[in-house]
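**Q** Just a sequence and a predicted model for now, questions to come.
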Amino acid sequence: MNLKRLTAILLCLVMVFAATACGSETEEVKAPETAESTEADGTDFHGAELVVATWGWAENGLRTLAADFETQYNCKIVVDPTSGNGDRLNKLMAEKNDPSADIALLTKSFAEVGNSNDLFEKVDTNVVTDLDNLYDFAVSADGYGPCYSVCRYGIMYDADGLEEAGLEPPTSYQELFDDKYAGRVALPDMASTAGPYMLVAMAEAMGGSQEDISPAMELMQEKKDNIDIWYNASSDVVTAFTTDEIDIAVFMDINMPGLMDSGLNMVWVDAAEGSFAAPATVNVVKNCKNPELAQLFVEYLISDETQNKIAGAMKEAPVSKNAVMDDDLKTYLAFGEEAMNALKEFDESFISTAKEEWIDTFQRTVSVR
């Protein structure tokens, strides 16, 4: 090989190496995606089952709401529809050392009892990052599960039923005990969510307080026979309305649409003592099988995207200050800062300690016939 040809070959090789070196500086070489890299981003839980304990009537709405969560985290929501708050709380207590549920949905007063009995974990604020978007009442001061929705309790009545009886609509909780409404009223039992709230609201309006509920309790004792139903289950009230057994109830706003769809001419009243909130909380069960996924579910429920769907899916009001709601739902659900501020709040810690004594007195002197 002559010197000229060898020089040309060497020059070509130098140019190839230079181009390769430049390419390595300017082009990013991407590693192929592997199962390990998918796991590392924390979104794939490989079909893990997250057990959510809730109300039976809330099961369908919850499944609708959680569909995107299942897709996002490759998991499955298993709903445990354990009837009322008390039943759900008792089950959690019985399974304290080996819980079957990962998440428990409870009204705020029952969640407070669970917190005091060490049933729940505090939220991990590195995961649950949207707490600042919630109304103040929805955030636990002690760091436990936040509220994800709120219902109102107030007075509702069938206008046609009262008109046929020649009666004016009631305007207060106290008025419901009046003889003119005898046999037409359903009120919450003291063991229910709303019973203690109504008791305290009446006591305060009658000159008492949460520490002195005697004015309200004495009125209940004196006029107990005027009340047709002391209820624990919402279904009992719905049945009583639809069978014309009652015309008036202290009941949740979320029941208005169903009753109206059944043909009743239902009207909502904000009682003189105030309509009161029954917020629903989402709680991570202590010692649960999927704690990481459970924390992600809390964040999912309070995120703005999910809060915008709460009213449509669950027929409950969202608790995010950023949430939007269809106008037709605003006719019976609390929405916006003004409506939220108007809801009467209670000292849940005090009620949780006093409730057992109130229930005992109520069962001995009021609910007995």
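**A** Everything's here; your move. Residues are numbered from 1 along each chain as shown.
**Q** Quick one: the helices in the stretch 101-250 of the chain, in order.
**A** 108-116, 159-164, 194-205, 214-222, 234-242 (DSSP state H, counting those that start in this stretch).
**Q** Which positions within the shortest one qualify as buried?
**A** In this case it means helix 159-164. 161, 162 (16 or more other CB atoms under 10 Å). Quick note: C-beta positions are derived from backbone N, CA and C, even for glycine.
**Q** mind listing what's buried in stretch 46-53?
**A** Buried, per 16+ other CB under 10 Å, within stretch 46-53: 50, 51, 52, 53.
**Q** helix/strand/coil for the third one?
**A** Using DSSP: H, G, I helix; E, B strand; the rest coil as the criterion, the local structure at residue 52 reads strand.
**Q** So it sits against residue 62, correct?
**A** Yes. Here residue 52 lies in contact with residue 62, judged by CB atoms under 8 Å, at a distance of 6.6 Å.
**Q** Any chance you could list residues touching both of the two?
**A** Residues touching both residue 52 and residue 62 (CB atoms under 8 Å, 6 or more residues apart in numbering) are 77, 79, 105.
**Q** Most neighbours among the residues you listed, which one is it?
**A** residue 105 (25 neighbours; other CB atoms under 10 Å).
**Q** host element of the residue most central in space within the chain?
**A** Centroid check for the chain by CA atoms, centre = their mean gives residue 280 as the closest residue, at 2.7 Å. Using DSSP states H and E, the element containing residue 280 is strand 276-285.
**Q** now for that strand, which elements pack on it?
**A** Secondary-structure packing of strand 276-285 (3 or more CB pairs under 8 Å, 6 or more residues apart in numbering; DSSP states H and E): strand 103-107, helix 108-116, strand 120-121, strand 147-158, helix 194-205, helix 291-302.
**Q** Select, out of these, the one closest to residue 341.
**A** strand 147-158 (12.2 Å; CB to CB).
**Q** tell me the mean pLDDT over the closest one?
**A** Summarised as a single mean, pLDDT over strand 147-158 is 95.
**Q** tell me the angle of it relative to helix 291-302?
**A** Relative orientation of strand 147-158 versus helix 291-302 (axes from the mean of the first three to the mean of the last three CA atoms, to 10 degrees): 50 degrees.
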